[in-house]
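> 3D model of this:
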Amino acid sequence: MRDPKQKAARAHKPRRFSMLDKLRKRYRWSWLLWVALSAYLFLPALPSIRRSSSSSDPEPRPGVRIYAYDLPPRFNRAWVDADPRCARHLFAAEVAVHEALLLRQRRSGLRAEEADLFLVPVYVSCNFSTPTGLPSLAHARGMLAEAVDLVHADMPYWNRSDGADHVFVASHDFGACFHPMEDVAIAAGIPEFLKRSILLQTFGVQGRHTCQEVDHVVIPPHVLPEVARELPEPEKAHRDIFAFFRGKMEVHPKNMSGHFYSKKVRTELLQLYGRNRKFYLKRKQYDGYRSEMARSLFCLCPLGWAPWSPRLVESVLLGCIPVIIADNIRLPFPDVLRWPDISLQVAERDLASLEAVLDHVVATNLTTIQKNLWDPVKRRALVFDRPMEEGDATWQVLKELEAKLDRLRQQGRKS
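Residues are numbered from 1 along each chain as shown. Okay, the predicted model is just below:
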């Protein structure tokens, strides 16, 4: 006879298994619900996560491939080795672009035969032999001509296009006219051997001008990347200066050469506003002038010998609204920076109304302009990082060159 306890135990076993099945089903549905909820909450964020991870890739793209020629050191590196100022002064975009593209080239393993364009890296702004300590450009034409002769003789690519796919940096007052005085620069013109090439130049004006009658890209003047880090949060700065300018303001602007510096604009600024307490105008040099810019609402950027000035870049990096006083100037990377949204332009003939213009901005749209100005994307676009970073000035140069190549290829297909 069977033990009734065993019979009772067997009777309870199916009930125990049915409860386990219920628990499994309940946990299975809970797990499925958790997966579905996680997908709903987190999948929309995945594209932005992928974008942020790709932004830190060591090889940012624009896709244009530029090969930097390996010229003898006397054309470039020897100048930097001889004088550190070569890589740090306002014309040093020629050094910064070369170093950024060279590092990019080494990382990608780009070979000359694979390139779309060719950089001819010649540092013509590093001869600090003048009595003032400013760079001399007297040797620029000869030095560039020698480099072109070398490229022409040793490499097949110049001959293939007669230099049309070759890039030079001309980061001087009037670009490849190579003289700080406009009338002398115009009389000299751009060397014939550069006229089919592409120039990266700080000089740019609306309309025709002898010193920009060549395929070119307007680039920002060189300012050290660490300036951007001096004020990482410009919106938090205490700005107790209304309008600021420190620099050369001659009481008698006609200099020894017979030229009027700044077309008399800076002299007129001093005459009109030198005693106005709202305007902080200083003629003497001061190494800490950027701390003054960081305290200012408006930074005046009048022309000097040329229309452009490093103050344009410094003011943006330090969160001070640039007030550009240089008629017909063309500014770098307009599609990215949208200069009308982050700066003011006052005609040279309207200096007498400058205070009224600034007062009107304070009363109406100051906060809107500041918000646009403090956008990190705009600040990054004006800095030549080494190595190149996504969105920086060299990146913007490559985007501009890529657009030029696309247009040329489209024209070639149509023809």
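> residues of stretch 351-358 that come out buried?
Within stretch 351-358, the residues that qualify as buried are 351, 354-355, 358, counting by 16 or more other CB atoms under 10 Å. Just so you know, the C-beta spots here come from the backbone N, C-alpha and C atoms, and that holds for glycine as well.
> among the residues you listed, name the ones in helices.
354-355, 358 (DSSP state H).
> and those, which is closest to I241?
L358 (12.0 Å; CB to CB).
> per-residue pLDDT, the closest one?
Predicted confidence (pLDDT) for L358: 98.
> helix/strand/coil for E99?
Per DSSP: H, G, I helix; E, B strand; the rest coil, the secondary structure class of E99 is helix.
> where does pLDDT dip in the stretch 251-400 of the chain?
Where the stretch 251-400 of the chain drops to pLDDT under 70, the residues are 251-258.
> quick one: the strands in it, in order.
279-282, 296-302, 321-325, 344-345 (DSSP state E, counting those that start in this stretch).
> out of the ones you listed, which gets nearest to V377?
strand 321-325 (16.7 Å).
> which elements pack onto the closest one?
The contact analysis (3 or more CB pairs under 8 Å, 6 or more residues apart in numbering; DSSP states H and E) places strand 321-325 against strand 296-302, helix 311-317, strand 344-345, helix 354-363, helix 366-373.
> still on that earlier bit, and the ones in helices among the buried residues of stretch 351-358 as a markdown table, adding distance to A170?
Shown next, in a markdown table, are those (distance: CB to CB, whole Å):
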| residue | distance to A170 |
| --- | --- |
| L354 | 32 |
| E355 | 37 |
| L358 | 34 |
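> and the helices in the stretch 201-350 of the chain, which stretches?
226-230, 265-273, 289-293, 311-317, 334-337, 339-342 (DSSP state H, counting those that start in this stretch).
> out of those helices, which is closest to E250?
helix 265-273 (5.7 Å).
> my read: L269 touches C301, true?
No - the pair L269 / C301 is not scored as a contact, 11.2 Å apart, by CB atoms under 8 Å.
> find the residue closest to Y273 in space, skipping its chain neighbours.
F279 (4.0 Å; CB to CB, 6 or more residues apart in numbering).
> P73 now?
D81 (7.8 Å).
> secondary structure element holding the one you found?
helix 77-82 (DSSP states H and E).
> give me the residues contacting that helix.
Here helix 77-82 makes contact (CB atoms under 8 Å, 6 or more residues apart in numbering) with 73, 86-87, 95, 123, 126-127.
> just the buried positions in that helix, please.
77, 79-80.
> would you turn these into CSV with pLDDT?
Formatted as CSV, those follow (pLDDT from 0 to 100):
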residue, pLDDT
R77, 97
W79, 97
V80, 96
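> so which of those residues comes closest to G207?
The closest of the buried residues of helix 77-82 to G207 turns out to be W79 (CB to CB; 34.5 Å).
> surely the residue nearest to Y273 touches M249?
No - taking contacts as CB under 8 Å, F279 lies outside contact range of M249: 11.6 Å.
> just for the stretch 1-150 of the chain, where's the confidence low?
1-60.
> what segments of it are helices?
Using DSSP H, counting those that start in this stretch, helices in the stretch 1-150 of the chain cover 4-42, 46-55, 77-82, 93-108, 140-154.
> helices or strands up against the last one?
With contacts taken as 3+ CB pairs under 8 Å, 6+ apart, helix 140-154 sits against helix 157-161.
> how about the contacts made by Y286?
Here Y286 is in contact with 246, 292 (CB under 8 Å, 6+ apart).
> show me what contacts the residue nearest to Y273?
242-245, 273, 355.
> returning to what we had before: of the helices of the stretch 201-350 of the chain, which stretch is the most buried?
helix 311-317 (a mean of 26; mean count of other CB atoms under 10 Å).
> check which helices and strands that helix sits against.
helix 226-230, helix 289-293, strand 296-302, strand 321-325, helix 376-380.
> out of these, flag the one nearest F178.
strand 296-302 (23.4 Å).
> can you tell me the strand partners of that closest one and which way each runs?
strand 241-246 (parallel), strand 321-325 (parallel) (DSSP bridges).
> winner for burial among those?
Of these, strand 321-325 is the most buried (mean count of other CB under 10 Å), at a mean of 24.
> ends of stretch 69-86, what's the gap?
End-to-end distance of stretch 69-86 (CA to CA, to the nearest Å): 19 Å.
> actually stretch 198-209, sorry about that
16 Å.
> other residues contacting that stretch?
Residues contacting stretch 198-209 (CB under 8 Å, 6+ apart): 91, 93, 97, 117, 164-176, 186, 211-212, 214-221, 306-308, 328-332, 397, 401, 404.
> give me the subset of those that lies in strands.
Those of the contacts of stretch 198-209 mapping onto strands are 117, 166-170, 216-218, per DSSP state E.
> between these, which is nearest S262?
When the ones in strands among the contacts of stretch 198-209 are compared against S262 (criterion: CB to CB), the nearest one is V218, at 20.5 Å.
> contacting residues around the closest one?
Shown in contact with V218 (CB under 8 Å, 6+ apart): 201-204, 330-333.
> tell me the one of the buried residues of helix 77-82 nearest L150?
R77 (15.2 Å).
> how near is that closest one to D83?
Noted for R77: a distance of 12 Å to D83, by CB to CB, to the nearest Å.
> same question, A68
Distance from A68 to D83, by CB to CB: 21 Å.
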